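>>> Predicted model, plus sequence, below.
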Amino acid sequence: MDQLSPSSLAVYLAMLVLLAPFGSFLLSALSGKKMKSGWPATIAIILSLIASVILFFSVWNKEDVHQGFTWFTIGQHRFELGVWLNNLTVLMLLLVCLIALPVHIYSAVYMKGDEGIHRYWLFLSLFCFAMLGLVMASSLLTMYIGWELVGFSSYLLIGFWYTRDAAVRANKKAFLINRIGDLGFLIGIALLYGQFGTLDLNALFGADGLIGQASIDSQWWRYGNHSLPVMWLSIAGLAFFLGAMAKSAQFPFHIWLPDAMEGPTSVSSLIHAATMVAAGVFMLVRVSPLFSSEVLLIIACIGAFTAFMAASIALTQNDIKKTLAFSTVSQLGFMMAAIGIGQFGVAIFHLVTHAFFKCLLFLSAGAVIHEMHHLKTAHGLDIDPQDIQNMGGLRKYMPKTFFLTIIGAISLAGLPLTAGYLSKDAILIYAFEWAEIRSSVALLIPLTLLLSSALTAFYIARLVFKVFYGKLRLNGTSVDYHPHEAPKGMWYPMAFLACASFFFCYSYNPLVFEEAWPLNGFPRIEQMERMNIYHTVIPALVNSIAILGVFIAWRWYAQQKYPLSARGGLYRFSFAQWHLDHVYSKLIVKPLLFLSDLLYGFDRRVVDGFVDLWSGITRRLSVLAAWLDQYVVDAFINRIAQLAFVMGGVFRGSRQGKVQHYLLGMFLIFFIVMLLGLKFL
């Protein structure tokens, strides 16, 4: 038996990674309501994880693997179905499986007893299959199929509790906003195919790809005999960025993500950590050779603004999941800013570290919500289990959850010894170095990111202190209830994620991000000679500000010395989420509804009225025609027929062989002729 080549083995492993959750999906679909256990889905994701680990060590920092076969042809155009395995692919495959496994284990306890549990495992397996397929796709076409399937499966999961109106509205909102981004993605695909005649990712964006070989002068973007005005290079880049803006919740398309919290918390953790929202960042890094300097600047500006905006909104939210949702939007803004300054490897590094500590924070929030819901049910309380105003003092009841939440929080804040410290510092340092060689206006981007980092430390500290410190607040009073620690099946996965939130999983040096192994798998893009002052001052400044923010939050929320009024304009502006939903409602939704009502009225009263008028006229004309046909045309013809019948009778009677009849006839004819002759004479 011939030994498998490394590339063939990698392809088989990739197929196992992909097809294991798909097999679980098919099994759940065929089993229907009988599939209440999550073991098939969990075993499938374990197989995917094992295969992805082997695949990672087979491909990481080695030669790329690209293999496919012809899927279909249209004329002379051939479209392939295959895989492209490089450092970016295997890192993302490993990340998705590493996040999905603890979520599956956690879900078995968190979702226990739910009436729709069979649908949950079905949708979760489909979701994982879609994301894994998107990551390993070898062409823009199959990547787009995975992209759409991720959106569809997230639609199903967000609206999992479809009997709730809020869940139905949330999944519709997510689905519709993502359709806007999908249109941009399609436009980008069409432009590239029109210019290069292929959708193969390796052929377009590989080391020797067609994008890199295309020449650009002052007016034209040329490749071979094909040319486009150079402005279309920017349009193509912006089209792909539009797709990423919607999928990764960047301003102004971020509004769907907080509402997506209507799904189960375990789903929220998966969506926010390493799947749907990460797809936009992954896609931009995948097609990064396409971006012009102008497009990169736009990405950096929108990313920095989104990071600040979402962080400022998270300061005042009382829904524990919405606070974390806006935190995700903010951290995605950091990743987009990293892409905008050309540090694609740093963006992926922060995506990886963020996946673990954000998944940890969501699962911790789920454990708290799970216990608050138990208190609500057991004691008949009229409370919102997700409102942090009803929480407090939970650290003495849930010490393990408290400890794990602290780990996730300090990693999100970017404090030393955590993974977040390494990746966030990398973005901030490179952002300041990037701005150093540009105009002074460019400095606004790193300064905005620095301010966003400070706000991050404050809002996550606020969440921790309001949930775990003080006394348990239910219905606005201090009540002597006794919550319980989360079950082992929930905090074991959280413990794994907590370990992955420390520096030692990424670097042996806890203070220097350059030693992190995820960065060594991507090209280093140095903006200029290393500026040691930034590598020293920025971490010190970031940590000083973060510690100050935590201290202020402790004074305000742990010691109950809150000095501000909830009636303040800035507070209300933040709490209302910058009134963006209201703005969209006023400027977009209501005008569109008014226009649709206007068009509906025009259709009913003008178009339908005109049609009804002519149909009425036609009906009356048909009635008139029927009357004329019956009483005029038919009457005339009937009279002629009757006359012919009478004359026939007369003439038949004249032919009876009697001479007197013949003589009478001749006499009458002669008489008539004589009369006519006399008249004309």
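Yep, that arrived. Numbering: from 1, shown residues only.
>>> Pop out the phi and psi values for G568.
Main-chain dihedrals, G568, degrees, to the nearest 10: phi -60, psi 150.
>>> I misspoke; the intended subject was F602.
With angles defined as degrees, to the nearest 10, F602 sits at phi -60, psi -40.
>>> Against G609, how distant is it?
10 Å (CB to CB, to the nearest Å). Quick note: C-beta positions are derived from backbone N, CA and C, even for glycine.
>>> pLDDT weak spots in this structure?
Scanning the chain for pLDDT under 70 picks out 1-6, 218, 475-480, 525-532, 565-566, 649-662, 679-681.
>>> again, only this time at 50
Low-confidence segments of the chain (pLDDT under 50): 1-2.
>>> the strands in it, which residues?
65-74, 77-85, 215-216, 220-223, 226-229, 473-474, 477-478 (DSSP state E).
>>> Would you reformat those strands as a markdown table and include mean neighbour count?
Converted to a markdown table, those look like this (neighbours: other CB atoms under 10 Å):
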| stretch | mean neighbour count |
| --- | --- |
| strand 65-74 | 13 |
| strand 77-85 | 19 |
| strand 215-216 | 10 |
| strand 220-223 | 16 |
| strand 226-229 | 14 |
| strand 473-474 | 20 |
| strand 477-478 | 10 |
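>>> out of those strands, nearest to A626?
A626 lies closest to strand 65-74 among those, at 54.9 Å (CB to CB).
>>> May I have the strands that pair with that closest one, each with its orientation?
In the sheet, strand 65-74 lines up against strand 77-85 (antiparallel) (DSSP bridges).
>>> got the contact list for the strand it pairs with?
10-11, 14-15, 55, 59, 64-73, 89, 136-139, 141-142, 197, 199-202 (CB atoms under 8 Å, 6 or more residues apart in numbering).
>>> any idea which residue sits dead centre in the chain?
Central residue of the chain (CA atoms, centre = their mean): K247, 3.6 Å from the mean position.
>>> Would you quantify the distance from it to R179?
11 Å.
>>> Next: Y631.
In terms of CB to CB, Y631 sits 62 Å off from R179.
>>> which parts of stretch 559-574 are buried?
S574 (16 or more other CB atoms under 10 Å).
>>> care to break this structure down by domain?
Under the assignment automatic domain parsing, the domains of the chain span 1-214+252-280, 352-575, 583-680.
>>> Please name whichever of the ones you listed is nearest to D319.
Nearest of the domains of the chain (CB to CB): domain 352-575, 5.0 Å.
>>> Any idea how far apart the tips of the closest one sit?
Start and end residues of domain 352-575 are separated by 30 Å (CA to CA, to the nearest Å).
>>> ok, longest helix in the protein?
For the chain, the helix with the greatest residue count under DSSP state H is helix 344-379.
>>> about what we covered before: check contacts around the residue nearest to the centre of the chain.
Counted by CB under 8 Å, 6+ apart, K247 has contacts W147, V150, G151, N178, G181, M276, V277, A279, G280, M283.
>>> Can you lay out those residues as CSV showing distance to P21 and neighbour count?
As requested, those are arranged in CSV below (distance: CB to CB, whole Å; neighbours: other CB atoms under 10 Å):
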residue, distance to P21, neighbour count
W147, 17, 27
V150, 13, 26
G151, 17, 21
N178, 21, 26
G181, 24, 25
M276, 15, 29
V277, 19, 29
A279, 16, 25
G280, 21, 29
M283, 21, 24
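>>> Out of the domains of the chain, flag the one nearest F305.
domain 352-575 (6.9 Å).
>>> Could you give the separation of that closest one from the chain centroid?
Chain-centre distance of domain 352-575: 24 Å, with CA atoms, centre = their mean, to the nearest Å.
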